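# sequence first, then the predicted structure:
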Protein chains: 2
Amino acid sequence: MAGRAEITPLLAETFREHGYEGASLALICKATGLGKGSLYNLFPKGKEEMAAAVLDEVEVWFEREVFAPLATGGPAATAKMFDAVDAYFRSGGRVCLVGAFALADTRERFAARLRTYFTRWIDALSIALTAGGHKPRKARGRAEEVVAGVQGAIVLARALDDKAAFARVLERLRRRAASPQA
Amino acid sequence: MAGRAEITPLLAETFREHGYEGASLALICKATGLGKGSLYNLFPKGKEEMAAAVLDEVEVWFEREVFAPLATGGPAATAKMFDAVDAYFRSGGRVCLVGAFALADTRERFAARLRTYFTRWIDALSIALTAGGHKPRKARGRAEEVVAGVQGAIVLARALDDKAAFARVLERLRRRAASPQA
DNA sequence: GTCTATAGAGTGATAGAC
DNA sequence: GTCTATCACTCTATAGAC
């Protein structure tokens, strides 16, 4: 018997590939192998609850794999973040669900989740950059720049259909984060 | 009598606010004040043709107001681009239609238009940065960084519901573009 | 009469909810 | 599976310009 834990990652990929509106229940059924009845049994409030569960899972994953290590990992934490981010977004081949939701009609509906995701990321990266030698007063601005840059790199890579563009932008951000004086 | 020229900007705002899938014909009728008959008279191929017309208009506008000035405007051109971009995107309050389409299901359908928009932008900015003193070999990478940064700033500002975040990221990009040595 | 622009009822298909 | 609402779209009817 498939529970939410097994289904949510499949939902996540479907929402990433097609967006909230584009991910029809028919598509979701196909992607999960479940009928509509089973889906509504797992997610009684329907599609919105599915998306909420996906956003929750994304946040939990980033909290564990990215944000917490950044906030406590010391000077080497930032470099590890870039590795994790590059892997997670498949070098620009995979969309950031939170970023995509922020640009779409879904923004108001999931506003709180979108805000905490990016706030947590910037907060944690800010701590790591400070640990890496950046001046505390400037670390937050640079953290914003990096987080925005990652989102922009995804947009660019998808528009150009060119993962190398993602890699180049990320590499620039990585070097900047590694050199506090620049 | 309303022609395509009067209707297309209204379509653009509707697509920007709701995305391609979210912009239903009912919404479009309301936003334009036209009935379906009139819309299909102006755009015989329907919604896809409307979106294509909007993307064409966006590209024409950027070509005239941003890309061409960048490519021929000399050292001051980059600063003017930032002003134009800040005004156009309403300091992050307005989505980039091309960026939003790149993240959504619309990517393949409009792939060629998405690619040329960003390619032209990066090409033109690359020329302007070189004119502004950046080393030719490094100008293109920096142009990519700036264009991606603008897209990321839009995502961030919308996710945080905070135009100031857009302003801060743009200001950083502006300073970087203005100082070739950094 | 012909033409173009308009409105909107009506089409089948498909949406999400249950 | 069944429901109703809504989807993109088609079609008919009508208006006024010429």
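That came through fine. Residues are numbered from 1 along each chain as shown, chains lettered A, B, ... in the order given.
# list the buried residues of whichever strand or helix holds A:Met50.
In this structure, A:Met50 sits in helix A:47-62 according to DSSP states H and E. Across helix A:47-62, burial judged by 16 or more other Cβ atoms under 10 Å in any protein chain shown covers A:Lys47, A:Met50, A:Ala51, A:Ala53, A:Val54, A:Leu55, A:Glu57, A:Val58, A:Glu59, A:Phe62. (C-beta placed from N, C-alpha, C; glycine too.)
# again, but for stretch A:119-133
Here stretch A:119-133 shows A:Arg120, A:Trp121, A:Ile122, A:Ala124, A:Leu125, A:Ser126, A:Ile127, A:Ala128, A:Leu129, A:Thr130, A:Ala131, A:Gly132 as buried, counting by 16+ other Cβ under 10 Å.
# can you classify the nearest residue to the second one once chain neighbours are set aside as helix, strand or coil?
Read it as A:Trp121. Closest residue in space to A:Trp121, ignoring its immediate chain neighbours: A:Val147 at 5.3 Å, by Cβ to Cβ, 6 or more residues apart in numbering or on different chains. Counting by DSSP: H, G, I helix; E, B strand; the rest coil, the backbone at A:Val147 sits in helix.
# just checking, A:Val147 touches A:Phe118?
Yes. Here A:Val147 lies in contact with A:Phe118, judged by Cβ atoms under 8 Å, at a distance of 6.4 Å.
# what about A:Gly22, how many neighbours?
18 (other Cβ atoms under 10 Å in any protein chain shown).
# and it, what does it touch?
Listed by Cβ atoms under 8 Å, 6 or more residues apart in numbering or on different chains, the contact set of A:Gly22 reads B:Glu21, B:Ala104, B:Asp105.
# how does it look with 10 Å?
With contacts defined as Cβ atoms under 10 Å, 6 or more residues apart in numbering or on different chains, the neighbours of A:Gly22 are A:Thr14, A:Phe15, A:Ala104, B:Gly19, B:Tyr20, B:Glu21, B:Gly22, B:Ala104, B:Asp105, B:Thr106.
# can you count the residues close to the nearest residue to A:Leu25 once chain neighbours are set aside?
Ranked by Cβ to Cβ, 6+ apart and with sequence neighbours excluded, the top spatial neighbour of A:Leu25 is A:Lys36, at 6.0 Å. Around A:Lys36 there are 12 other residues, counting by other Cβ under 10 Å.
# list the contacts for A:Lys36?
Taking Cβ under 10 Å, 6+ apart as the test, what A:Lys36 contacts is A:Leu25, A:Ala26, A:Ile28, A:Cys29, A:Gly46.
# got it, and A:Ala143?
A:Ala143 neighbours (Cβ under 10 Å, 6+ apart): A:70, A:78, A:121-130, A:134, A:177.
# inside helices: which ones of those?
The helices, defined by DSSP state H, take in A:70, A:78, A:121-130, A:177 from those.
# quick check: pLDDT value at the closest residue to DNA strand D within chain A.
Proximity of chain A to DNA strand D (Cβ to the nearest atom of the strand) peaks at A:Lys36, 3.5 Å away. As predicted, A:Lys36 sits at a pLDDT of 93.
# also A:Lys138?
A:Lys138 is given a pLDDT of 96.
# please report how far it lies from A:Pro75.
16 Å (Cβ to Cβ, to the nearest Å).
# can you tell me how far A:Ala159 sits from A:Met50?
Noted for A:Ala159: a distance of 27 Å to A:Met50, by Cβ to Cβ.
# burial count for A:Met81?
24.
# and it, what is it in contact with?
Applying Cβ under 10 Å, 6+ apart, the residues contacting A:Met81 are A:65-67, A:69-70, A:73, A:121, A:124-125, A:128, A:146, A:150, A:174, A:177.
# just those residues now: which is nearest A:Ser91?
Sorting these by how near they are to A:Ser91, with Cβ to Cβ, puts A:Val150 at the top with 11.6 Å.
# quick check: that closest one touching A:Ala84?
No. A:Val150 is beyond contact range of A:Ala84, at 11.1 Å (criterion: Cβ atoms under 10 Å).
# more neighbours: which of A:Val147 and A:Phe118?
More crowded of A:Val147 and A:Phe118, by other Cβ under 10 Å: A:Val147, with 27 against 24.
# contacts only, for that one.
Per Cβ under 10 Å, 6+ apart, neighbours of A:Val147: A:85, A:99, A:117-119, A:121-122, A:124-126, A:173, B:152, B:155-156, B:159, B:165, B:169.
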